[in-house]
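>>> attaching a predicted model along with its sequence, questions to come.
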Amino acid sequence: MSYRAGAALVLVAATLWSLLGLGLRQIEAASTWQVLFWRSVGMAPTLFAAIALATGGKPLRALARAGLPGLIGGASLIFAFAGAIYSMQATSIANAVFLFAAAPLISAVLAWALLGEKVRPATWGAIALAGLGVFVMVREGLALGAGWGNLAALLSALGFAGFTVALRWGRQTEMLPATLIGSIFAALAAAAVTLAAGTTLAVSGHDMILSIAIGAFSTGLGLALFTAASRSLPAAEIGLLALLEVLLAPLWVWLLLGETASAGTLFGGGIVLVAIIANTVSARHAPRFA
C-alpha cells in the first residue's frame, strides 16, 4: 500500500471516530461501562467480517497468528475505549479529544524506544506544531475541566498509543485480529466492572441500539481502516494523521447540538489541521515505509 493510500485510510478512520462524541451525547442513562459493553458487542461482527475479508475467509487462523502483539494491542484498547467514553461523559467533547491528541507524541516515543523506529525530522516538527495547537485549544478548558475526565482522556491517549505501536510491532502479519481481541477484552472488562459494582448490563433499548451502532460503524469500521493503513506508515505519522478527529469532533457537536467552543479552541484546531497537511505534503516524496 502506498503512503498516500495509507494516509487516506487513516483520515477516513479519524472522521468516523470523530462521530463518537456526537453519538455519546445522545445516550440517555447508560454508564461508561454499560456503553462500553454494548459498543463492543456492536464492534465484534464488523471486525470479524473485516478479518474474514482480509484473510480470504480464514479469520480464526488469523486470530491465532496475531500472537503477543495482538494480545498487547487488544489489551491497550481497553484503556483507549473506556478512557474515551468516560472523558466524553465527564467533560466537554472538545476538552476530551484535545487531550487525546497526546497520542502521537506517546506513540513516537514508544516506537522509538521499543521498536527503534526512526521519526522524520519533518514529522517531529509537525508533532511540535500540533502540540502547540493542542496547548492553545486546552489552555482554557483544562482550568475548567481538570479532574477525572482529563485523566481518563490522557489514559485513553496512552492506550491508543500502545495499540498503534503494537500494530507496528506485528506489521509482518495480519493485525486486524488485534482490534477484535480488543473488543472482546473490552466487553469482558466492562461486564466484570459492571457486575462487581452490583449493577446490570441492561440498558434502555435506545441506549443499547445507539451503543451497538457506534461500535459497528464509528469505532469498528474506523479501526479496520486504521489497522489496514498501519503497515505503510510509521507510528508517529499514523497518530498525527489521526489528529483530524480532534478537529472534527468538537465541530459536529457545535454544529448539531450547539455545544460551543472558545475562540482559542477554534484557532488551535486550525493549527492542528495545518500540522496534518504539512506532514502529509512533506511525505509526498518520502520512500515507502516498510
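Great, that's in hand. Numbering: from 1, shown residues only.

>>> contacts only, for A66.
Under the criterion of CB atoms under 8 Å, 6 or more residues apart in numbering, the contact partners of A66 comprise G170, T173, E174, M175, P177, A178, I181. Glycine gets a C-beta too; all of them are placed from N, C-alpha and C.

>>> among those, find me the one that's closest to S262.
A178 (37.0 Å; CB to CB).

>>> what helix or strand is the closest one located in?
When elements are assigned from DSSP states H and E, A178 belongs to helix 176-196.

>>> again, but for Q34
helix 32-54.

>>> can you tell me the helix or strand for the residue positioned nearest the centre of the chain?
Using CA atoms, centre = their mean, the residue of the chain that lies closest to the mean C-alpha position is F160, 5.8 Å off. For F160, the host element (DSSP H and E) is helix 148-169.

>>> now the residue nearest to K58 when sequence neighbours are not counted: how far from L176?
With sequence-adjacent residues excluded and distances taken as CB to CB, 6 or more residues apart in numbering, K58 is closest to A52, at 7.6 Å. From A52 across to L176, the span is 10 Å (CB to CB, to the nearest Å).

>>> out of these two, which sits in the more crowded spot?
L176 (27 against 15; other CB atoms under 10 Å).

>>> I'd assumed A54 was in contact with the more buried one.
Yes: assessed by CB atoms under 8 Å, L176 is found in contact with A54 at 5.6 Å.

>>> now for the two: what residues contact both?
By CB under 8 Å, 6+ apart, the residues touching both L176 and A54 are A62, A228.

>>> pLDDT below threshold where in the chain?
Residue ranges of the chain with pLDDT under 70: 138-147, 172, 235-236, 283-290.

>>> go again using 50 as the cut-off
For the chain, the stretches with pLDDT under 50 are 288-290.

>>> pull the most distant pair out of the contacts of A66.
T173 and I181 (13.2 Å).

>>> OK, contacts around A242?
So A242 contacts V10, A13, A14, W17, A103, P104, F226 (CB under 8 Å, 6+ apart).

>>> those in helices, which ones?
V10, A13, A14, W17, A103, P104, F226 (DSSP state H).

>>> please tell me I have it right and the last one contacts L9.
This means F226. Yes: between F226 and L9 there is a contact at 7.1 Å, judged by CB under 8 Å.

>>> V136 versus W124, what's the distance?
19 Å.

>>> these two - which one has more neighbours?
V136 (21 against 14).

>>> run through the residues that contact the more buried one.
Contacts of V136 (CB under 8 Å, 6+ apart): G264, T265, F267, G268, I271.

>>> can I get the residues you listed in a markdown table with secondary structure and distance to L47?
Formatted as a markdown table, the contacts of V136 follow (DSSP: H, G, I helix; E, B strand; the rest coil; distance: CB to CB, whole Å):
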| residue | secondary structure | distance to L47 |
| --- | --- | --- |
| G264 | helix | 37 |
| T265 | helix | 33 |
| F267 | helix | 37 |
| G268 | helix | 33 |
| I271 | helix | 34 |
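
>>> selecting buried members of the residues you listed in PyMOL, what would you type?
In PyMOL syntax, the buried subset of the contacts of V136 is picked out as below (16 or more other CB atoms under 10 Å):
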select buried, resi 265+268+271
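
>>> so where do the helices sit in the stretch 1-150 of the chain?
Secondary structure of the stretch 1-150 of the chain, counting by DSSP state H, counting those that start in this stretch: helices at 3-17, 20-24, 32-54, 59-65, 67-90, 93-100, 103-110, 121-145, 148-169.

>>> from the contact counts, what lies against the first one?
Meaning helix 3-17. helix 222-229, helix 235-241, helix 244-257 (3 or more CB pairs under 8 Å, 6 or more residues apart in numbering; DSSP states H and E).

>>> which one of these is the most hemmed in?
helix 235-241 (a mean of 28; mean count of other CB atoms under 10 Å).

>>> for burial, what's the neighbour tally of M208?
Neighbours of M208 using other CB under 10 Å come to 19.

>>> neighbours around the closest residue to it other than its chain neighbours, how many?
The shortest distance from M208 to any residue other than its chain neighbours is 5.3 Å, reached at W38 (CB to CB, 6+ apart). Counted with other CB under 10 Å, the neighbours of W38 add up to 24.

>>> my read: W38 touches G215, true?
Yes: W38 is within contact range of G215, at 7.1 Å (criterion: CB under 8 Å).

>>> gap between A186 and A44?
Applying CB to CB to A186 and A44 gives a distance of 10 Å.
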